[in-house]
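Student: I would like the atomic coordinates for the input below:
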Amino acid sequence: HVQLVESGGGSVQAGESLRLSCVASGYTLPMNMGWFRRLPGQEREGVAAIAGDGTIVYTDSAKGRFTISRDNAKNTLHLQMNSLKPEDTAVYYCTAAPYYGLATSDYWGQGTQVTVS
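Tutor: Residues are numbered from 1 along each chain as shown. Coordinates of the predicted model:
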């Protein structure tokens with residue numbers, strides 16, 4: 001079965017950067033992958049998605065600050081987050097699905113906490 005394991009979360013000051021990573025296993029075809037987050041007291045929302053062909057989409061709040069990338073050979077996904085703001089504080093989830101987009105996903109990691117103060 002598909003497994004997604006995130007790492008790289010932590011606590012930083014506003015304006016600093018973090019790089020999230022995700023190692024995927026359990027499937028043989030490149031899947032569409034992404035990062036979602038759950039802000040305190042809110043529903044999960046899509047942050048960035050990258051298709052198997054490299055097509056990328058970002059939510060408006062991530063544009064210009066976050067960069068999603070993938071290494072298909074290593075089955076890894078990354079999210080470089082720069083100029084972090086307190087409103088970026090959330091649990092971030094690595095996701096994978098046979099479809100592409102920011103609406104939802106099929107497979108989810110356990111989440112990694114990002115706190116910006």
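
Student: which residues sit against the helix or strand where R70 lies?
Tutor: Using DSSP states H and E, R70 sits in strand 66-71. Strand 66-71 has contacts (Cβ atoms under 8 Å, 6 or more residues apart in numbering) with 33-35, 47-50, 54, 56, 58, 76-82. Where you see a C-beta, it was placed from the backbone N, CA and C, and this is true even at glycine.

Student: ok, the spatially most central residue of the chain to V47 distance?
Tutor: For the chain, the residue nearest the mean C-alpha position is W35 (2.2 Å; Cα atoms, centre = their mean). Noted for W35: a distance of 5 Å to V47, by Cβ to Cβ, to the nearest Å.

Student: and for the two, which residues touch both?
Tutor: L79, Y92.

Student: Residue ranges in this protein under the pLDDT threshold?
Tutor: The chain contains residues with pLDDT under 70 at 28-30.

Student: That one: strands as residue ranges?
Tutor: Per DSSP state E, the chain carries strands over the ranges 3-7, 10-12, 18-25, 32-38, 44-50, 56-58, 66-71, 76-81, 90-97, 107-108, 112-116.

Student: Okay, now the sheet partners of the fifth one, with direction.
Tutor: Based on DSSP bridges, the pairing partners of strand 44-50 within the sheet are strand 32-38 (antiparallel), strand 56-58 (antiparallel).

Student: Kindly compare burial across these and name the winner.
Tutor: Greatest average neighbour count among these goes to strand 32-38 (a mean of 24), per mean count of other Cβ atoms under 10 Å.

Student: the inter-axis angle of it versus strand 66-71?
Tutor: 140 degrees (axes from the mean of the first three to the mean of the last three Cα atoms, to 10 degrees).

Student: Does R38 touch V91 like I think?
Tutor: Yes - under the criterion of Cβ atoms under 8 Å, R38 makes contact with V91 at 4.9 Å.

Student: before we move on, back to that, what residues does the residue nearest to the centre of the chain make contact with?
Tutor: L20, G46, V47, A48, A49, I68, L77, L79, Y92, Y93, C94, T95.

Student: Which of the residues you listed has the largest number of neighbours?
Tutor: C94 (28 neighbours; other Cβ atoms under 10 Å).

Student: Enumerate every residue touching it.
Tutor: Taking Cβ under 8 Å, 6+ apart as the contact definition, C94 lies against L4, V5, E6, L20, C22, A24, M33, G34, W35, L77, W108, G109.
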